[in-house]
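Novice: Pasting the sequence and the predicted model now:
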Amino acid sequence: MTAPDAVWDYADDLRRFAAHLCRHPQDAEDVAQSTLMKAAQHIDGFRGEASVRTWLHTIATNECRMLRRRTPPGALDDALESAVSAGRRGPLPVVPADPEDLAMEAETRREVVDALTRLPEHYQKVLVLKDGCGLRSAEVARLLETTVPAAKSILFRARRSLRDALAAG
């Protein structure tokens, strides 16, 4: 079996994966931490049918779903907007070398995220797993509980749908 400490070796990878799953950095951190804690507590239940990384990604996906069910859509956005409108102060952001490039990148990122969120959930998941996290096709197939050819087919359709959504604006 795998030692409980082994799951912590995947902490950075898991945080990146959670950042792709969740809309907000704090939610991503919460999902990553709860995933690591649950995995460490239940490591004895790990059967070794998949890699530890794949097992952790499955747990993180479920944690993100549970978070979405608990938090009404827009609740965090509303809280952030009210904090900003109330003039709440915090540390000043670091000014980038080229603000125009940063603004263009942020706009492009927002457009991609908006288009991604309009796709069906199984398309979102396959895109995040393959393109966002860089998982191999076999790992993606395991997480989707399907075959490698089927996962590749879903990925192809997901990429085409995302491209179409971005073109439609």
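Specialist: The structure has been received and is ready for your questions.
Novice: Quickly list the domain ranges of this structure.
Specialist: Using automatic domain parsing, the domains assigned to the chain come out as 1-90, 98-169.
Novice: Buried residues of stretch 120-137, list them for me.
Specialist: If you call a residue buried by 16 or more other C-beta atoms under 10 Å, then stretch 120-137 has these buried ones: Tyr123, Gln124, Lys125, Val126, Leu127, Val128, Leu129, Lys130, Gly132, Cys133, Leu135. For every residue, glycine as well, the C-beta is placed using N, CA and C.
Novice: do stretch 26-45 as well
Specialist: Residues of stretch 26-45 classed as buried by neighbour count (16+ other C-beta under 10 Å): Asp27, Ala28, Asp30, Val31, Ala32, Ser34, Thr35, Leu36, Lys38, Ala39, Ile43.
Novice: if we can go back for a sec, redo the buried residues of stretch 120-137 as TSV? Include distance to Glu100 and secondary structure.
Specialist: Output for those, formatted as TSV (distance: C-beta to C-beta, whole Å; DSSP: H, G, I helix; E, B strand; the rest coil):
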residue	distance to Glu100	secondary structure
Tyr123	32	helix
Gln124	30	helix
Lys125	34	helix
Val126	34	helix
Leu127	28	helix
Val128	29	helix
Leu129	33	helix
Lys130	31	helix
Gly132	26	helix
Cys133	30	coil
Leu135	34	coil
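Novice: Which single one of the residues you listed is nearest to Cys22?
Specialist: Nearest to Cys22 among the buried residues of stretch 120-137, counting by C-beta to C-beta, is Val128 at 10.4 Å.
Novice: quick one: contacts for the closest one?
Specialist: The neighbourhood of Val128, defined by C-beta atoms under 8 Å, 6 or more residues apart in numbering, consists of Phe17, His20, Leu21.
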